[in-house]
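J.: My questions concern the predicted model and sequence given below.
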Amino acid sequence: MHEWNEITDENSLKEFMERVSFFHDSCIKEMHYLSGAYVNENLDMYPVNDRRILRVIIQRQYEEDSMIEMEFQGLKYLKLFPADERYSCEILDSSIILKEDCIIWSDCEDKTELEDGDTGNLVCASKLRWRPISGCMGEKKFFKDMDINYILDMLDWNNSAEIQAEGRRLAEHINCLSVFMQPMGERYNKNIWENCALILSGKKDALLEPYSLKVLINVAKKIAINIPSVSNQLSSANMNTNLITKTIKSILIIGSPKDSINNLKKVFLFLTLTSLLPYFSLLLTTSSLLSPVIVSSN
């Protein structure tokens with residue numbers, strides 16, 4: 001992935017338009033819109049469009065910058081009047097108008113509005129940035145936000161800081177968080193833990209609570225079947241789930257990422273020793289009654 005280029009003034013706008021030849025001999029390949037609103041697993045709704053990000057992929061018949069991505073932030077409106085299959089859809093010319101409170105892009109020359117009967121597309125947003133994309137030409141889908149492996153690949157600590165940051169950004173709309181809970185697979189393990197911690201630290205409490213100590217509680221329930229005395233420990237763990245969730249989240253956002261990981265390890269070590277040390281000898285004698293607990297990430 002290449003670095004983003006911000007359109008902030010007339011000079012950066014002019015440089016961009018000249019670099020892409022005013023979008024001559026190009027076409028819109030894909031669009032992806034992220035509102036910010038969602039319904040969580042408990043069917044609670046977050047009904048606020050606090051993201052409003054539109055990403056547009058353009059492919060061009062030029063060797064340089066053959067494919068670019070434009071990201072419109074703070075989308076105000078989008079008007080689509082695509083040509084149907086009876087007509088060609090190539091862009092011959094386009095315009096971008098930079099106003100005081102917005103930026104308007106149109107794939108029709110000098111048009112800031114589209115009337116009934118027009119064909120073309122128009123975007124109005126608060127901000128615009130763009131970047132070249134390499135190695136993704138052709139009809140294969142570029143936006144793989146739903147392909148979690150695509151995101152996890154970007155989180156690998158061997159990637160550049162820019163790619164890792166992009167992976168974290170793509171993960172912002174993922175609400176199924178189990179995949180980020182200390183993965184231990186062959187492909188994804190310690191190489192993505194730090195980025196997973198950063199992703200989880202940015203999630204809302206309502207999303208984190210269903211996953212709080214999920215694995216530890218399941219293990220405790222299994223032990224309690226054979227050791228009744230442990231059931232009191234289980235009740236205590238359930239009662240303190242929300243408190244521990246908030247504590248872990250606070251630890252994740254304090255200090256540097258490496259400090260956060262170290263602090264988190266200390267908390268889990270403390271919880272584990274406190275909960276299990278008194279029962280360690282007893283568990284050894286009852287281990288034959290329990291099947292192994294295996295946590296894996298696909």
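T.: Great, that's in hand.

J.: Which strands and helices lie in contact with the helix or strand hosting Trp193?
T.: Trp193 belongs to helix 190-201 when assigned by DSSP states H and E. In terms of contacts (3 or more Cβ pairs under 8 Å, 6 or more residues apart in numbering; DSSP states H and E), helix 190-201 is packed against helix 161-170, helix 241-252, helix 257-276. Every residue, glycine included, has its C-beta placed from N, CA and C.

J.: worst average pLDDT in those helices?
T.: When those are compared by mean pLDDT, helix 241-252 comes last with a mean of 54.

J.: partners of the strand ranked longest in the chain in the sheet?
T.: When the chain is parsed with DSSP state E, its longest strand is strand 67-81. Sheet pairing of strand 67-81 (DSSP bridges) gives strand 53-60 (antiparallel), strand 120-132 (antiparallel).

J.: Tell me which of those sits nearest to Glu90.
T.: Across the strands paired with strand 67-81, Glu90 has its closest neighbour in strand 53-60 (9.9 Å, Cβ to Cβ).

J.: the inter-axis angle of the closest one versus helix 161-170?
T.: Angle, strand 53-60 to helix 161-170, by axes from the mean of the first three to the mean of the last three Cα atoms, to 10 degrees: 130 degrees.

J.: who's in contact with strand 53-60?
T.: For strand 53-60, contacts defined as Cβ atoms under 8 Å, 6 or more residues apart in numbering pick out 20-21, 23, 25-34, 66-73, 75, 78, 91, 123, 125, 133, 137, 142-143.

J.: Quick one: low-confidence residue ranges for the protein.
T.: 1-2, 109-118, 144-147, 210-298 (pLDDT under 70).

J.: where's the closest residue to Glu172 other than its chain neighbours relative to Glu100, distance?
T.: Nearest residue to Glu172, sequence neighbours excluded (Cβ to Cβ, 6 or more residues apart in numbering): Gly202, at 6.9 Å. Distance of Gly202 to Glu100, given as Cβ to Cβ, to the nearest Å: 31 Å.

J.: of these two, who's got more company?
T.: Neighbour count, other Cβ atoms under 10 Å: between Gly202 and Glu100, Gly202 has more, with 13 against 4.

J.: correct me, but that one touches Ile174?
T.: No - if you go by Cβ atoms under 8 Å, Gly202 and Ile174 don't touch, sitting 11.1 Å apart.

J.: Overlap in contacts, those two.
T.: Contact criterion Cβ under 8 Å, 6+ apart; residues shared by Gly202 and Ile174: none found.

J.: how near is Asp132 to Lys204?
T.: I think there's a mix-up here, since residue 132 is Pro and not Asp. Counting by Cβ to Cβ - Pro132 and Lys204 are separated by 34 Å.

J.: These two: which has the busier surroundings?
T.: Neighbours were counted for Pro132 and for Lys204 using other Cβ under 10 Å; Pro132 has more, 16 against 12.

J.: how close does the more buried one sit to Glu69?
T.: In terms of Cβ to Cβ, Pro132 sits 8 Å off from Glu69.

J.: go on, Arg131?
T.: Taking Cβ to Cβ as the measure, Arg131 and Glu69 are separated by 6 Å.

J.: Who has more neighbours out of these two?
T.: Comparing Arg131 with Glu69 by other Cβ under 10 Å, the one with more neighbours is Glu69, at 22 against 17.

J.: Arg129 is in contact with that one, correct?
T.: No - applying Cβ under 8 Å as the test, Glu69 and Arg129 come out as separate, 9.1 Å apart.

J.: so Leu98 bridges to which residues?
T.: Going by DSSP bridges, Leu98 forms beta bridges with Ile103.

J.: so where do the strands sit in the stretch 1-150 of the chain?
T.: 5-6, 26-34, 38-39, 45-46, 53-60, 67-81, 95-98, 103-106, 120-132 (DSSP state E, counting those that start in this stretch).
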